[in-house]
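In: just coords:
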């Protein structure tokens, strides 16, 4: 793809601009997914924008990796650049996993919505004049807990991978390129 497209914006390599979307978007999406997995009320309201955001972030992450590959061909080869470039594609499976988790959270929200449209035990009891606590399906509760655990695991992996890649990229750009002391004017 890098042969077909000029990855520059206003004379700057697109990678250095897009990388900020990934660095902010991955932790933000991870945290939001944990909230949605743990909080049914938020899930009911936010699952669609979160799923759209996950798909957009996936596309922008892929574009960032492609722009990075384009940039590697245009900078001097150094061990730090090579390390960063070798790690760059590691983020893609994690962002795919975040998008899958977002889709699973959306599916759970749809199942919950469908179940609220059915007559509940509490409504039947109220019609008979008896009070009873509302119950949730044990299977659905187990699925929600498993989804929460998976979301936390994927979120931690995605954020850790982002930090690791970003740290390598920062070292590649900044290590040895600034003074410990202010420069004289």
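Out: On my side now, so go ahead. It should be emphasised that the depicted structure is a prediction, and the values quoted were computed from it without experimental measurement. Numbering: from 1, shown residues only.
In: Tell me how far residue 146 lies from residue 66.
Out: 34 Å (C-beta to C-beta, to the nearest Å). Placement of C-beta: from N, CA and C, glycine included.
In: Who has more neighbours out of these two?
Out: Set residue 146 next to residue 66 and count neighbours by other C-beta atoms under 10 Å: residue 66 wins out with 20 against 12.
In: Backbone dihedrals for that one, please?
Out: Main-chain torsions, residue 66, degrees, to the nearest 10: phi -60, psi -40.
In: my guess is it contacts residue 13, does it?
Out: No: counting by C-beta atoms under 8 Å, residue 66 stays clear of residue 13, with 11.7 Å between them.
In: Report the rounded mean pLDDT for the helix or strand harbouring residue 107.
Out: Using DSSP states H and E, residue 107 sits within helix 91-117. For helix 91-117, mean pLDDT is 93.
In: elements contacting it?
Out: When contacts are defined as 3 or more C-beta pairs under 8 Å, 6 or more residues apart in numbering; DSSP states H and E, helix 91-117 packs onto helix 14-38, helix 40-72, helix 138-174.
In: tilt between the last one and helix 40-72?
Out: To tie it back to what came earlier, the one meant is helix 138-174. 30 degrees (axes from the mean of the first three to the mean of the last three C-alpha atoms, to 10 degrees).
In: Packing partners of helix 138-174?
Out: Helix 138-174 packs on helix 14-38, helix 79-88, helix 91-117, going by 3+ C-beta pairs under 8 Å, 6+ apart.
In: buried ones in that helix?
Out: 144, 147-148, 150-152, 154-155, 157-159, 161-162, 165-166, 168-169, 172 (16 or more other C-beta atoms under 10 Å).
In: what angle sits between the helix holding residue 107 and helix 138-174?
Out: 150 degrees.
In: Hmm, residue 85 and residue 72 touching each other?
Out: Yes: using C-beta under 8 Å, residue 72 is in contact with residue 85, at 4.8 Å.
In: between these two, who's got more neighbours?
Out: A direct count of neighbours by other C-beta under 10 Å for residue 72 and residue 85 places residue 85 higher, at 21 against 17.
In: residue contacts, the more buried one?
Out: 68, 69, 72 (C-beta atoms under 8 Å, 6 or more residues apart in numbering).
In: List the residues that are in contact with both of residue 66 and residue 13.
Out: With C-beta under 8 Å, 6+ apart as the test, residue 66 and residue 13 both reach residue 7.
In: Adding distance to residue 106 and mean pLDDT, write the helices and strands packed on helix 91-117 out as JSON lines.
Out: Shown next, in JSON lines, are the helices and strands packed on helix 91-117 (distance: least, C-beta to C-beta, whole Å; pLDDT from 0 to 100):
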{"stretch": "helix 14-38", "distance to residue 106": "9", "mean pLDDT": "97"}
{"stretch": "helix 40-72", "distance to residue 106": "4", "mean pLDDT": "96"}
{"stretch": "helix 138-174", "distance to residue 106": "11", "mean pLDDT": "94"}
